[in-house]
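> Just a sequence and a predicted model for now, questions to come.
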Amino acid sequence: MKIIKICRFPIRVVPLVLVAMLLSAAAHAQTVVGSITELTGSAQITRAGATSPVTSAMPVDLHDSLTTAADSHLTVRLNDGSTLSLSEMSTLVINEQVIGPSGVRQSTKVGLLTGRLYAAVSSAISGSGAPTFQVNTPNAIAGVRGTRFNVSYASASPVCGDRPSSDVGVLDGEVGVSNANGAGGGVLVSPGYETVVCAGEPPLPPGPLGLAGDGTGSGAARGYSGAQPGAGGAPPPACPVCPACSSGKM
Amino acid sequence: MSTEKGMKVLRNAVGVAAAIMMLMIAMPARAQAPYGVMSSMSTPYPGFFSLADPGRFDLIVFGGGFGSNKYGTAQEGFQGEQTLTRYLGLVGRITGYELWEGEGFANPLDPGGPVSSRLNFGRFQGGLDFLITPLTHLYLLGGKDVGNSDAATIEGDFSTWLFVHSYHPISFMTSTVHNFQNSVTSSSIDIRTVVGSTENFLFTAGGGGAIYGGGFVSGVAGQGGPDLGVYYRPWRLGADVQGGYGSADQYGQIAIYKQFSWLE
C-alpha cells in the first residue's frame, strides 16, 4: 500500500504543477503588450533597469522604456491593435494596457517623456464614452477619442517662451487635451487642428495644423509654414503698359 | 488726378501701411507668444546671437501669372533661405519674368494673340529675413534685373499671422518693391483668413490688391479683389488665385508654390 501511495503522490502533483506553469505563462503573456514592427537606425530598450538594443520583432513588455537615437525611428504595434511610431531622439514608456476578455481594449496609457510620437489608435471609445487610450507627457494628458494623432514634448519651446511644452496635432477623430496638473480644464481638438500645452498653463485654443503648434514656422510635420510674399510667387512687376517698358527697359 | 496729388495720396498710403505694419508687429507679439515674450519680458529674444541649432535650409519653387485687359505677366523662380540664427535668415531669390503688353491682352499663355510686344527679364535678389516671431517675417531684399530690364530694385516684404490659436487665424502680407530705373514703387497687400483645415488641406479666403505710384505712373494706379488659397500638406504645395478690377481693367492672377526644407 505504501508503494502505491508513493506512486500516487506524483500523479496528484503533476496537475498542480501544470496548472502553476500555465498560470505563470499566462502572467508572463499579460506583460507583453506588443512588439517592434519597424526599426530604422538604432534604439534602446530599458527593462527592469537593464538597457539593451532594440531589435526588429522583439516583444515589448509593460513598463518598458523605448528610446530612439538620432536619425532613427521605430514602430510598436500594441496588442490592442494600435500603432505607435516614435520619431528620433524620443522616449516612450508603456504604462498600462488592459484588454478585456473579448480582446477589446479597456485601457491603454503610454508616456512620452521627450520627442515626438505618432499614434494610430483603433476605436478608442469605451461603452461609457470615456477615452480608453491616453498619452501622457510630463505636462499634458491627451485622452484619445479618435484614431490618428501626433504628440510631441519639448523641454524648451519657442511657442511657450522656451519653457517645456506639449503639442498635440489631430489627423483624424478627436483628442481631449488637458494639463497634467489639471490647470484650467481641457480642450477638444478636431482633425486638422492642434494645440499646445505650456508648462503650468491650460491648453491653448486649437489652431490649424502647422500654424498653432510647436513646429510653427518650420513647415515641419505636415504643417503649413505660412504664406509669405515670395512664397506664393514673386509679385508681378508693376508695369501697367508703361512707356519705359515699350522702349524695352523697365 | 495730378502727379503731385497722386504722390500725396501715395505718401499717405505708405504712412497708413507703415502704421498697420507697426500694429501688426505689436499684435502678433502677443498672439504668437514669440520667443519668450510672454514669460520673460527681459529676454524677448533669448540666444539672439547664437547660431540656429539645428539649422535649416528652405527652398520654395514658385510660378504664376497675371492677366488683364492691358498687360500680362508670367513669373517663375525659386527662393532659398538659410537660417543663421533663430531670428535671422539669409535669403536669395531668382525670378524669371515674361511680360506681354497690348490693349485687349488677356492671356499670358497665348503670346500669339493680340499682343504688341513681349519682354523677358530675370530678377536676382538677395537679403535678410528677420523672424520677428515664428510666423512674422520681414524680408529686406536688394536686387538687379537682367534682360529687357536692367533695373536695380529694393524690396521689403512683411507677413504675419494673427490669432493662430483659433479656428480662423488671419494672415496679413504686404510687399513693396521700388524700381530705381523707372522710379515706380509698387505695393501689394493681402489679408486672408483660414476658412478650413483638415488633415491634408488648408483653405484660405480673403482679399488683396496692389497700388503703383511714382515714375511714369500718372497719379496712383492699382487693382484689387478677392482671393482664395489652398494648401496641400502632404506635398507642401499651395495655390492662390485672385481676381478683380483696377487700372488695368479686369484682371486675374494665380500663384503656385512648393516648399522644401532640410534640417542640418
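Received the coordinates, thanks. Residues are numbered from 1 along each chain as shown, chains lettered A, B, ... in the order given.
> quick check: mean pLDDT across stretch A:183-198?
Averaging pLDDT along stretch A:183-198 gives 89.
> how long is it end to end?
Start to finish, the residues bounding stretch A:183-198 are 11 Å apart (CA to CA, to the nearest Å).
> List the buried residues in it.
Neighbour counts using 16 or more other CB atoms under 10 Å in any protein chain shown place A:183, A:186-187, A:189-198 of stretch A:183-198 among the buried residues. Every residue, glycine included, has its C-beta placed from N, CA and C.
> Identify, from those, the entry nearest to chain B.
A:Gly192 (3.7 Å; CB to the nearest CB).
> Let me see the contact set for the closest one.
Shown in contact with A:Gly192 (CB atoms under 8 Å, 6 or more residues apart in numbering or on different chains): A:170-171, A:208-209, B:196-199, B:201-202.
> mind checking how far the nearest residue to it once chain neighbours are set aside is from B:Pro169?
Using CB to CB, 6 or more residues apart in numbering or on different chains and skipping the chain neighbours, the partner closest in space to A:Gly192 is B:Ser197 (3.7 Å). Between B:Ser197 and B:Pro169 the computed distance is 9 Å (CB to CB, to the nearest Å).
> Common neighbours of the two, please.
Residues touching both B:Ser197 and B:Pro169 by CB under 8 Å, 6+ apart: A:Pro208.
> Between those two, which has more neighbouring residues?
B:Ser197 (28 against 23; other CB atoms under 10 Å in any protein chain shown).
> Does the more buried one touch A:Tyr193 like I think?
Yes: B:Ser197 lies in contact with A:Tyr193 (CB atoms under 8 Å); the separation is 6.0 Å.
> shared neighbours, those two?
A:208-209, B:167.
> of those, closest to B:Asp249?
A:Pro208 (35.7 Å; CB to CB).
> beta partners for the residue nearest to A:Gly192?
Residues in a beta bridge with B:Ser197, per DSSP bridges, are B:Leu202.
> Provide a list of residues in contact with it.
B:Ser197 neighbours (CB under 8 Å, 6+ apart): A:192-193, A:208-209, B:167, B:203.
> Which ones among those map onto strands?
A:193, A:208, B:203 (DSSP state E).
> Grab the most central residue of chain B for me.
B:Ser175 (4.7 Å; CA atoms, centre = their mean).
> give me the element that one is part of.
Taking DSSP states H and E as the criterion, B:Ser175 maps to strand B:170-179.
> so where do the strands sit in the stretch 51-200 of chain B?
Along the stretch 51-200 of chain B, the segments classed as strands by DSSP state E, counting those that start in this stretch run B:56-68, B:71-85, B:88-101, B:117-133, B:136-147, B:152-162, B:170-179, B:185-197.
> A:Ser65 versus the residue lying closest to A:Asp64 once chain neighbours are set aside, what's the distance?
What sits nearest to A:Asp64 in space, not counting adjacent residues and going by CB to CB, 6+ apart, is A:Arg47, at 5.2 Å. Applying CB to CB, the value for A:Arg47 to A:Ser65 is 8 Å.
> for A:Cys198, same thing?
For A:Cys198, the distance to A:Ser65 - CB to CB - is 25 Å.
> And A:Ala183, by the same measure?
Noted for A:Ala183: a distance of 27 Å to A:Ser65, by CB to CB.
> Same check on B:Leu140?
48 Å.
> Ok, B:Val184 next?
Applying CB to CB to B:Val184 and A:Ser65 gives a distance of 64 Å.
> now swap in B:Asp157 and tell me
Following CB to CB, the distance that separates B:Asp157 from A:Ser65 is 47 Å.
> between those two, which one's more packed in?
B:Asp157 (25 against 15).
> Stretch B:252-264: which residues count as buried?
Neighbour-count burial for stretch B:252-264 [16+ other CB under 10 Å]: B:253-259.
> ok so, going back, quick check: of the ones in strands among the contacts of B:Ser197, which lies closest to B:Pro54?
Of those, the one sitting nearest to B:Pro54 (CB to CB) turns out to be A:Pro208, at 24.4 Å.
> can you tell me the helix or strand for B:Gly215?
Using DSSP H and E, B:Gly215 falls outside every helix and strand.
> How many neighbouring residues does it have?
Neighbour tally, B:Gly215, other CB under 10 Å: 20.
> Confirm for me that it is in contact with B:Phe180.
No: contact criterion CB under 8 Å: B:Gly215 and B:Phe180 do not qualify, at 9.8 Å.
> now for the longest strand along chain A, which elements pack on it?
Counting by DSSP E, the longest strand found in chain A is strand A:105-120. Contact analysis of strand A:105-120 by 3 or more CB pairs under 8 Å, 6 or more residues apart in numbering or on different chains; DSSP states H and E lists strand A:83-86, strand A:91-99, strand A:133-137, strand A:148-157 as its packing neighbours.
> residues contacting residue 98?
You didn't say which chain, so I picked chain A. A:105-108.
> try again with chain B
B:73-75, B:108, B:118-120.
> Paired strands for the strand holding B:Ser175, with orientation please.
strand B:152-162 (antiparallel), strand B:185-197 (antiparallel).
> what is the mean pLDDT for that strand?
On average, the pLDDT along strand B:170-179 is 90.
> Check stretch B:90-109 too.
pLDDT averaged over stretch B:90-109 gives 75.
> repeat for stretch B:67-84
Mean predicted confidence for stretch B:67-84 is 87.
> what about that stretch, near chain A?
Yes: with CB under 8 Å from any CB of the partner chain as the criterion, chain A is reached by stretch B:67-84 at B:70-71, B:73, B:75, B:77, B:79.
> Okay, and the beta partners of residue 133?
Using chain A. A:Thr108, A:Val144.
> was after chain B, sorry
Here B:Thr133 shows beta-bridge partners B:Thr136, assigned using DSSP bridges.
> Brilliant, that's me finished.
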